[in-house]
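A.B. asks: turn this into a model:
(one chain, ligands or ions: 4)
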Amino acid sequence: MEKQKIVLVGNGMAGIRAVEEILKLSPDQFDITVFGSEPYPNYDRIQLSKVLQGDTEIADITLNTWEWYEENNILLYPGETVTAIDTEKQIVSTDKERHVPYDKLIMATGSVPFMLPLPGADKEGVTAFRDIKDCEEMIKSSQKYKKAVVIGGGLLGLEAARGLLNLGMEVDVVHLADFLMERQLDRTAGKMLQKELEDQGMNFLLEKQSSEIIGGDRVEGLRFNDGEEVEADLIVMAVGIKPNVSLAKESGIPVNRGIVVDDHLETEIPNVFAVGECAEHKEMVYGLVAPLYQQGKEMAKRICKVDGEGYHGSVLSTQLKVSGVDVFSTGKINEDEETKSVKVFDDWRGIYQKVLVDDGKITGAVLFGDTKDGNRLLTLINKGASIEEYLDQDKKEEAGIDLIASMDAEEIVCGCNGVTKGSIVEAIGEQGLTTVEQVKGCTNASRSCGGCKPLVSDLLEYTLGDEYDQNQKESICACTSLSKDEVIEEIKAKGLSHIREVMNVLGWSTEEGCSKCKPALNYYLGMLNPTEYKDEKESRYVNERLHANIQNDGTYSVVPRMYGGVTNAEDLRKIADVAEKYEVKLIKVTGGQRLDLLGVQKEDLPSIWEELDMPSGSAYAKGLRTVKTCVGADFCRFGTQDSIGLGVQMEKKFEGLNTPHKVKMSVSACPRNCAEGSVKDVGVVGLDGEFEIYVGGNGGTHMRQAELLSKVKTEEEVLDTTAAFLQYYRESANYLERTSAWVERVGLAHVQEVLSNKKTFIELNQRMNEALSVVQAQDPWKEAIEDETLLRDLYKNVKVAAGSN
Ligand SMILES: Cc1cc2nc3c(=O)[nH]c(=O)nc-3n(C[C@H](O)[C@H](O)[C@H](O)COP(=O)(O)OP(=O)(O)OC[C@H]3O[C@@H](n4cnc5c(N)ncnc54)[C@H](O)[C@@H]3O)c2cc1C
Ligand SMILES: NC(=O)c1ccc[n+]([C@@H]2O[C@H](COP(=O)([O-])OP(=O)(O)OC[C@H]3O[C@@H](n4cnc5c(N)ncnc54)[C@H](O)[C@@H]3O)[C@@H](O)[C@H]2O)c1
Ligand code: SF4
Ligand code: FES
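C.D. replies: Numbering: from 1, shown residues only. Ligands and ions are numbered 1, 2, ... in the order given. Predicted structure coming up:
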């Protein structure tokens with residue numbers, strides 16, 4: 001029998017998912033042709049936010065590879081736009097003069113971003129944020145320009161703004177309403193979100209109506225209708241989207257806001273279907289993937305003549321993809337006369353939870369700060385559950401039954417793809433799945449926004465118990481399929497002692513390794529065998545090899561160590577002399593309370609180090625950078641402890657230590673926390689008669705507030721606890737994983753449990769002392785000055801410092 005011809009217009013997320021559903025039901029029944037205006041295979045549009053924020057790359061967001069189309073006999077025309085449809089003859093025509101007949105036509109043309117029709121909107125530097133091209137344009141602009149304005153404080157605008165901040169731009173967000181995300185949040189949550197994002201560095205201009213984009217060929221600013229102006233080198237419009245229906249309209253397919261479809265996603269025109277953001281079902285148009293994927297499933301059933309209950313609309317849920325901020329909303333968000341609500345507001349911890357109840361049934365929720373109940377609430381709304389059922393679940397958790405164990409089988413784990421706990425557990429059991437990637441491949445869970453990955457991982461652990469190894473399939477680089485833990489086990493078991501040996505014995509696919517595995521292996525080998533292993537300097541990154549940070553103009557920076565951020569007249573004099581003699585371009589006080597000499601020529605580095613005669617500040621190292629301290633009890637009237645003294649002790653103890661990534665610490669002498677312990681890898685806060693030790697904080701790209709690890713009484717306990725924490729981090733984190741990511745991954749409770757075991761605690765301290773005994777005998781700057789070969793090889797044309805021979 002001749003195959004039926006399906007033509008899909010739109011190679012995006014909804015259209016291709018619908019094709020996948022069709023292939024699942026009837027793999028051989030259709031010849032499928034796909035047209036896509038964009039020149040790529042189907043990619044995860046959602047992840048563009050993560051690309052802009054620097055968490056992933058465009059190369060990694062492909063959902064269906066070119067090979068997938070080939071393997072499934074799908075004829076894809078990328079970069080080709082359908083321009084006309086003859087619905088009587090059932091033929092589509094394209095901008096490349098191609099004419100293709102169909103038996104079934106699927107319209108999946110998505111949306112177009114709404115662009116405010118402002119005077120000047122056509123200037124260079126004004127963009128939407130919808131596709132790869134827009135994303136690339138923003139990244140390019142950030143390399144040249146400083147000042148960005150995002151119009152629209154909705155999901156897209158805020159994710160764009162976070163990305164632009166990460167790219168080093170200053171960002172103003174202009175918003176029409178008086179609080180953010182007013183379509184998804186209530187005022188309380190919107191205001192809390194604003195505060196959180198302001199703390200991250202975003203600036204908000206609320207209740208502002210834009211009136212004109214100003215500038216020459218390129219944008220220079222934005223004017224508002226109250227006459228005020230802001231500067232801008234880049235303007236991103238994120239003010240909503242509208243269904244892309246022009247082709248349907250011109251082809252006589254009934255269109256309202258979107259292409260009008262019934263419960264089976266069929267239009268009134270025979271054999272023409274519509275799915276995704278371009279479709280309008282019961283007067284609703286959706287802009288999130290969960291409903292679009294549900295639509296695709298039902299449409300596939302109809303096309304494949306499989307009975308189905310049809311599509312009956314979706315309850316929406318959204319989550320903002322900005323790290324350090326947990327916001328979730330679903331269903332109804334605002335109270336009305338009929339609605340009651342259950343609210344929790346914890347101003348201290350920044351948590352707000354509101355669950356809306358109509359006639360005893362849950363109808364919506366807004367969560368801020370703690371969103372772990374989000375999917376559960378969505379499930380309960382979908383099944384029309386009563387508020388008692390939700391509150392009962394809470395009691396289970398209070399009784400110590402953890403989230404995963406207390407979830408019902410029908411509870412949704414992956415909101416985007418509508419995958420339940422039951423179906424994941426079943427797939428794990430029946431198909432022997434052991435990794436998040438495998439669960440993704442089998443069930444689609446975590447395949448879209450990726451927000452459910454930690455939950456999927458927990459579910460694997462819950463189902464497989466000890467057999468589950470969270471890291472197992474994450475190979476350390478493309479040269480090997482072995483994970484970090486497997487490599488470490490092999491190094492230990494086989495007694496491997498240098499990088500080449502590891503590569504040979506463990507069957508590396510490349511002879512030389514790569515820039516990812518070489519420094520990682522060097523670190524793991526040194527960590528496992530600190531006294532015997534000889535550091536292979538050539539495998540380190542350039543800054544570490546040169547003991548200085550290279551700057552954007554090819555010069556270097558020199559940061560001498562100043563324990564605890566304390567200096568004296570003699571050191572300052574030496575720094576001033578060196579700065580003058582070597583014409584240092586800039587002396588800058590760093591965020592870690594050090595003096596940074598910037599603009600140093602490479603060949604001057606050894607002489608400067610020699611003349612400074614101070615230890616290296618390790619500002620380039622994957623190791624302890626600085627311990628920042630507040631002035632403390634000696635001078636500050638609020639001080640309860642000697643923060644400077646303790647900070648100096650900590651810096652002296654851990655200086656030179658190699659760690660998976662840089663480590664920053666601080667000590668404050670009271671909860672005012674002037675040394676900013678909440679954004680440090682280890683932040684100590686002195687109280688009256690005790691200390692709090694916070695860990696896993698990060699004030700950089702991936703903002704994370706440090707969590708309280710423990711409270712101790714003495715300085716000695718602070719030093720020992722820090723040592724145990726750092727040693728456990730050294731031993732179990734992946735190379736290049738900051739404590740913030742590591743604590744997030746393994747969980748603070750796990751770290752606390754490990755450290756609470758007295759024997760383990762002592763052993764960690766012993767291994768730390770062993771590692772420190774080696775590094776403290778070395779000072780990288782002195783070592784470099786004293787080693788002729790190093791001097792010649794690394795700092796060619798070295799000038800001999802005055803007084804040296
Ligand atoms: C930055 C960003 C972040 C997002 N984050 C989330 C999120 O966290 N969670 C979530 O659920 N959703 C998110 N979304 C929304 C989600 O990406 C969309 O809902 C989804 O991509 C819509 O799928 P679609 O297939 O309907 O449309 P699209 O993905 O837009 O695909 C339509 C495709 O059709 C092509 N096309 C249009 N007309 C023609 C024609 N005539 N001929 C050929 N090709 C044509 C278009 O070029 C496009 O490639 C995000 C969107 C963006 C932009
Ligand atoms: N995490 C997520 O789920 C996520 C992330 C990004 C995008 N998306 C989806 O992408 C689509 C587009 O997102 P969006 O944020 O642009 O749409 P949106 O409609 O959710 O938000 C647009 C915002 O812009 C504001 N606005 C409108 N006109 C304005 C003006 N003239 N000046 C200032 N502000 C103005 C509105 O008040 C609104 O809050 C949506 O469907 C959204 O759901 C989802
Ligand atoms: S943290 Fe407390 S003790 Fe230290 S400087 Fe600030 S206010 Fe003073
Ligand atoms: S919740 Fe988005 S991929 Fe699972």
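A.B. asks: in the stretch 451-600 of the chain, where is pLDDT below threshold?
C.D. replies: 469-474, 478, 515, 541-542, 552-554 (pLDDT under 70).
A.B. asks: domain ranges for this protein, per the record?
C.D. replies: Here the domain parsing of the chain from automatic domain parsing is 4-110+243-303, 126-239, 484-540, 544-778.
A.B. asks: hmm, K664 is touching T590, no?
C.D. replies: No: K664 is beyond contact range of T590, at 10.7 Å (criterion: C-beta atoms under 8 Å). In this view, the C-beta of every residue, glycine as well, is placed from N, C-alpha and C.
A.B. asks: who has more neighbours, those two?
C.D. replies: Between K664 and T590, counting by other C-beta atoms under 10 Å, K664 is the more crowded of the two (23 against 16).
A.B. asks: pLDDT (mean, whole number) over whatever helix or strand that one lives in?
C.D. replies: Using DSSP states H and E, the element containing K664 is strand 663-668. Strand 663-668 shows a mean pLDDT of 98.
A.B. asks: try stretch 721-741
C.D. replies: Taken as a whole, stretch 721-741 has a mean pLDDT of 95.
A.B. asks: can you point out the buried residues in that stretch?
C.D. replies: Judged by neighbour count (16 or more other C-beta atoms under 10 Å), stretch 721-741 contains these buried residues: 721-730, 732-735, 737-741.
A.B. asks: just those residues: which are in helices?
C.D. replies: With DSSP state H as the criterion, helices contain 721-730, 732, 739-741 from among those.
A.B. asks: save those residues as TSV, and put in distance to ligand 2 too.
C.D. replies: Shown next, in TSV, are those (distance: C-beta to the nearest ligand atom, whole Å):
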residue	distance to ligand 2
T721	38
T722	37
A723	41
A724	38
F725	34
L726	35
Q727	38
Y728	34
Y729	31
R730	35
S732	32
T739	27
S740	22
A741	21
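A.B. asks: spell out which residues of the stretch 201-350 of the chain are next to ligand 2.
C.D. replies: Taking C-beta under 6 Å from any ligand atom as the criterion, the stretch 201-350 of the chain approaches ligand 2 at residues S210, A238, V239, G240, I241, G287, L288, T318, Q319, L320, K321.
A.B. asks: quick check: the residue lying closest to the fifth one once chain neighbours are set aside vs ligand 1, distance?
C.D. replies: Of all residues not flanking I241 in the chain, S111 sits nearest, at 3.9 Å (C-beta to C-beta, 6 or more residues apart in numbering). For S111, the distance to ligand 1 under the criterion C-beta to the nearest ligand atom, to the nearest Å works out to 6 Å.
A.B. asks: isn't L764 right up against Y729?
C.D. replies: No: the pair L764 / Y729 is not scored as a contact, 9.9 Å apart, by C-beta under 8 Å.
A.B. asks: dump the residues of the stretch 201-350 of the chain next to ligand 2 to a markdown table, plus distance to ligand 4 and pLDDT.
C.D. replies: Putting those into a markdown table (distance: C-beta to the nearest ligand atom, whole Å; pLDDT from 0 to 100) gives the following:
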| residue | distance to ligand 4 | pLDDT |
| --- | --- | --- |
| S210 | 32 | 98 |
| A238 | 20 | 98 |
| V239 | 24 | 98 |
| G240 | 21 | 97 |
| I241 | 19 | 98 |
| G287 | 14 | 96 |
| L288 | 10 | 96 |
| T318 | 10 | 94 |
| Q319 | 7 | 92 |
| L320 | 12 | 94 |
| K321 | 9 | 90 |
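A.B. asks: which of these sits closest to ligand 2?
C.D. replies: The closest of these to ligand 2 turns out to be G287 (C-beta to the nearest ligand atom; 2.1 Å).
A.B. asks: quick check: that closest one touching V112?
C.D. replies: No: using C-beta under 8 Å, G287 is not in contact with V112; the gap is 11.9 Å.
A.B. asks: more neighbours, these two?
C.D. replies: G287 (19 against 16).
A.B. asks: give the contact list for the residue of the chain found nearest ligand 1.
C.D. replies: Ligand 1 sits closest to G12 of the chain, with a gap of 1.9 Å, by C-beta to the nearest ligand atom. Contact analysis of G12 by C-beta atoms under 8 Å, 6 or more residues apart in numbering lists G36, E38, N42, R45, A108, G110, G276.
A.B. asks: now N417: closest residue in space, sequence neighbours ignored.
C.D. replies: Per C-beta to C-beta, 6+ apart, closest to N417 is N444, 4.1 Å.
A.B. asks: what of S93?
C.D. replies: Nearest one to S93, counting by C-beta to C-beta, 6+ apart, is A84 at 4.5 Å.
A.B. asks: could you look up the SS state of the one you found?
C.D. replies: strand (DSSP: H, G, I helix; E, B strand; the rest coil).
A.B. asks: got the contact list for it?
C.D. replies: A84 makes contact with V92, S93, L247, E250, S251, according to C-beta under 8 Å, 6+ apart.
A.B. asks: same check, this time on E159
C.D. replies: S49, L52, Q53, L320, K321, V322.
A.B. asks: next up, the contacts around the last one.
C.D. replies: In other words, V322. Contacts of V322 by C-beta under 8 Å, 6+ apart are Q53, L158, E159, R162, L197, Q200.
A.B. asks: so which of these are also by ligand 4?
C.D. replies: Here nothing survives when the contacts of V322 are matched to ligand 4 using C-beta under 6 Å from any ligand atom.
A.B. asks: would you turn the residues of the stretch 201-350 of the chain next to ligand 2 into JSON lines with secondary structure and distance to M503?
C.D. replies: What follows is those, written out as JSON lines (DSSP: H, G, I helix; E, B strand; the rest coil; distance: C-beta to C-beta, whole Å):
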{"residue": "S210", "secondary structure": "strand", "distance to M503": "57"}
{"residue": "A238", "secondary structure": "coil", "distance to M503": "47"}
{"residue": "V239", "secondary structure": "coil", "distance to M503": "53"}
{"residue": "G240", "secondary structure": "coil", "distance to M503": "53"}
{"residue": "I241", "secondary structure": "strand", "distance to M503": "49"}
{"residue": "G287", "secondary structure": "coil", "distance to M503": "48"}
{"residue": "L288", "secondary structure": "coil", "distance to M503": "45"}
{"residue": "T318", "secondary structure": "strand", "distance to M503": "46"}
{"residue": "Q319", "secondary structure": "strand", "distance to M503": "41"}
{"residue": "L320", "secondary structure": "coil", "distance to M503": "43"}
{"residue": "K321", "secondary structure": "coil", "distance to M503": "37"}
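A.B. asks: all set now, cheers.
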